[in-house]
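Q: Here is the input, now give the coordinates:
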Amino acid sequence: MPTELPRGDDLRAEIAAVAARLIADEGADWVGARRQAARIVLGAAIDRRSRVPDNEEIESALRAHLRTFAADSHPLLLAALRRAALAVMERWAAFDPQLVGGVLNGTATEHSTLGFELFVDSAKDVEIALLNAGLDYQAVAADPDDAPAPQEILTFTLATPRNVGLPPRMASIDVKLTIFERKAMRVAPRSRPAEPGQHPIEAAGRAGLAMLKRLIAETAP
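A: Got it, this is the predicted structure:
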């Protein structure tokens with residue numbers, strides 16, 4: 001007799017745990033990790049009606065995975081990634097960059113991208129600055145469900161800033177700039193209540209230079 005699949009919350013939690021492992025250990029993107037985890041857990045039982053975990057559930061599972069399997073190394077890596085983000089933000093301070101994503105919320109791994117939001121009068125100003133710096137950037141499509149909609153999303157690879165403490169294998173790091181009109185700054189970021197042990201700034205959704213400096217100072221391992 002075939003073994004019955006777990007149901008409801010237990011099933012979603014199992015899928016989230018597998019997705020977290022794929023993100024942390026293999027560098028899978030979140031969308032791909034969710035789909036692959038669902039196939040691993042559900043197998044032939046997967047169909048369009050299958051309820052998979054949302055990003056918040058996967059984020060919580062990823063935190064639990066990192067606490068369990070990288071308790072010693074992850075705080076050091078996260079601190080180094082935040083110092084790298086700070087160096088990038090100071091370099092492009094004229095655009096008032098805001099740190100977002102896993103480096104801010106504490107779920108970043110060595111596979112993570114430094115994610116920033118920029119609020120500017122014209123995305124062309126950012127493009128010109130990147131070209132003047134000799135950076136070969138790529139434009140990527142935005143999610144049609146994003147609100148507010150960004151003007152552009154630009155990605156590029158940057159030599160890792162010196163003396164931030166990242167391991168030699170991370171000689172370069174990917175950067176993602178999501179560029180909005182200046183008035184979009186008034187739209188509150190997507191935040192969530194801080195989980196136990198999480199710094200309030202980590203749960204803020206985005207952080208400027210001053211907030212990031214405070215976060216680094218108050219969470220140094």
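Q: Quick check: pLDDT value at A44.
A: Looking at A44, its pLDDT reads 62.
Q: what does W30 give?
A: pLDDT, read off for W30, is 90.
Q: quick one: buried residues of whatever helix or strand L78 lives in?
A: Take DSSP states H and E as the rule and L78 turns out to sit in helix 73-91. Within helix 73-91, the residues that count as buried by 16 or more other C-beta atoms under 10 Å are 74, 77-89. All C-beta spots, glycine's among them, are computed from the backbone N, C-alpha and C.
Q: cool, and stretch 197-214?
A: Under 16+ other C-beta under 10 Å, the buried positions of stretch 197-214 are I201, E202, A204, G205, R206, A207, L209, M211, L212.
Q: Now tell me what touches it from outside.
A: 63, 82, 85-86, 89-90, 93, 96-100, 104-106, 117, 188-195, 215, 218-219 (C-beta atoms under 8 Å, 6 or more residues apart in numbering).
Q: Show only the entries of the residues you listed found in strands.
A: If you go by DSSP state E, the contacts of stretch 197-214 have Q98, L99, V100, E117 in strands.
Q: can you give me the mean pLDDT across stretch 76-92?
A: 97.
Q: Could you give the separation of it from the chain centroid?
A: Computed by C-alpha atoms, centre = their mean, to the nearest Å, the separation of stretch 76-92 from the middle of its chain amounts to 13 Å.
Q: Contacts made by that stretch with the rest, please.
A: Outside stretch 76-92, the residues that reach it (C-beta under 8 Å, 6+ apart) are 70, 97, 99, 103, 106, 108-110, 112, 114, 116, 118, 129, 158, 160-161, 164-166, 173, 175, 208-209, 212-213, 215-216, 219-221.
Q: Output the below-cut-off pLDDT ranges for this structure.
A: 1-8, 44-50 (pLDDT under 70).
Q: rerun at 50
A: 1-6 (pLDDT under 50).
Q: can you map out the helices along the chain?
A: Here the chain has its helices, by DSSP state H, at 8-26, 30-42, 55-69, 73-91, 102-105, 123-132, 209-219.
Q: Look at the nearest residue to I23 once chain neighbours are set aside and say how many residues are nearby.
A: Using C-beta to C-beta, 6 or more residues apart in numbering and skipping the chain neighbours, the partner closest in space to I23 is A33 (5.0 Å). Neighbour count of A33, defined by other C-beta atoms under 10 Å: 23.
Q: Enumerate every residue touching A33.
A: A19, A20, L22, I23, I58.
Q: Any chance of these in TSV with neighbour count and distance to D145 as columns?
A: As requested, the contacts of A33 are exported to TSV (neighbours: other C-beta atoms under 10 Å; distance: C-beta to C-beta, whole Å):
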residue	neighbour count	distance to D145
A19	30	20
A20	28	23
L22	22	23
I23	27	21
I58	25	17
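Q: which other residues reach the longest strand seen in the chain?
A: Longest strand in the chain by number of residues, with DSSP E as the criterion: strand 172-181. Here strand 172-181 makes contact (C-beta under 8 Å, 6+ apart) with 84, 88, 97, 100-101, 113-121, 123, 126, 142, 148, 150-160, 166.
Q: Now, of these, which are buried?
A: Buried members of the contacts of strand 172-181, scored by 16+ other C-beta under 10 Å, are 84, 88, 97, 100-101, 113-120, 123, 126, 150-154, 158, 160, 166.
Q: Of the contacts of stretch 197-214, keep whichever come out buried.
A: The buried subset of those - by 16+ other C-beta under 10 Å - is 63, 82, 85-86, 89, 96-100, 104-106, 117, 215, 219.
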